[in-house]
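Participant: Take this sequence and fold it.
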Amino acid sequence: MRLSSIIVVAQILLCFVPSIYAQSSSIIDWTFQSGTSLAKVTIDEGDSVTFDWASSFHNVLKFTSLSEFQGCDFSGADNVASGSPSGSETVTFNKSGDYYYGCSIGAHCTNGGMKVHIEVKGSSPAPTEPAQGKTQLIPKRKCVRGKVQKKANNVSLEECQMMAEDDNRVKGFQFKAGKRGKCLLFADEVQPAADKAKRFTCGTISQ
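Facilitator: You can find the predicted model right below:
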């Protein structure tokens with residue numbers, strides 16, 4: 001096979017390979033629903049939705065609030081596609097949130113169910129890895145401590161630890177369990193006491 005023929009075949013094949021970077025597209029059959037509203041459409045940021053209709057007169061308007069959508073109130077709605085006997089209007093959503101659309105022709109919205117709720121989901125942020133080895137907990141021990149930096153009552157062990165780790169001045173903490181959990185934050189480095197103390201936890205922090 002000649003090189004020119006190979007190039008032509010390759011170009012033809014590429015026409016049938018979808019782009020890996022293409023966003024998703026949904027098509028709404030924008031027609032009279034006989035009283036049943038269209039189902040909610042859920043998409044991701046960057047996706048598009050196409051309102052498609054033929055052989056019937058419709059338009060597409062965007063409601064500015066949920067209450068307007070629920071009541072088919074087009075008084076403050078924005079025009080997306082003007083009325084025509086057939087049409088195809090594509091809207092791309094680049095921001096997460098809730099969007100509401102309807103047809104204002106006659107009673108198409110109130111009696112024909114020609115309205116739709118589009119939910120656009122945002123991209124999920126990457127999970128933050130917790131700090132490793134920052135705090136060492138020694139259960140059933142009081143702390144041999146120095147200066148008290150801060151006190152807090154009615155807290156859990158987790159809350160006491162978070163307060164200590166969020167304050168760069170704190171070198172350790174002591175927690176006493178009970179109905180009113182007590183937390184002491186220390187400005188000096190601490191060491192666990194030798195003797196056991198049932199309801200206490202000593203925490204040492206490396207900043």
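Participant: CA only for contacts and neighbour counts going forward, please
Facilitator: OK.
Participant: And residue 26, its phi and psi?
Facilitator: With angles defined as degrees, to the nearest 10, residue 26 sits at phi -110, psi 150.
Participant: contacting residues for it?
Facilitator: For residue 26, the contacting residues are 48-50, by C-alpha atoms under 8 Å, 6 or more residues apart in numbering.
Participant: swap in residue 147?
Facilitator: By C-alpha under 8 Å, 6+ apart, the contact set of residue 147 is 186-188.
Participant: who wins for most neighbours among those residues?
Facilitator: residue 186 (24 neighbours; other C-alpha atoms under 10 Å).
Participant: looking at it, it is touching residue 170, isn't it?
Facilitator: Yes: Residue 186 is in contact with residue 170 according to C-alpha atoms under 8 Å; the separation is 5.5 Å.
Participant: Now for those two: what residues contact both?
Facilitator: Joint contacts of residue 186 and residue 170 (C-alpha under 8 Å, 6+ apart) are residue 149.
Participant: Determine the longest strand present in the chain.
Facilitator: Looking across the chain with DSSP state E, the single longest strand is strand 191-205.
Participant: What pairs with that strand, parallel or antiparallel?
Facilitator: Paired strands of strand 191-205, with direction, are strand 135-144 (antiparallel), strand 172-176 (antiparallel) (DSSP bridges).
Participant: where in this structure is pLDDT low?
Facilitator: Low-confidence segments of the chain, defined by pLDDT under 70, are located at 1-23, 34-35, 124-133, 207.
Participant: Leaving out the residues flanking it, which one is nearest to residue 88?
Facilitator: residue 52 (4.4 Å; C-alpha to C-alpha, 6 or more residues apart in numbering).
Participant: Which neighbouring elements make contact with the helix or strand harbouring that neighbour?
Facilitator: Residue 52 is part of strand 48-53 when elements are defined by DSSP states H and E. Judged by 3 or more C-alpha pairs under 8 Å, 6 or more residues apart in numbering; DSSP states H and E, strand 48-53 is in contact with strand 25-29, strand 87-92.
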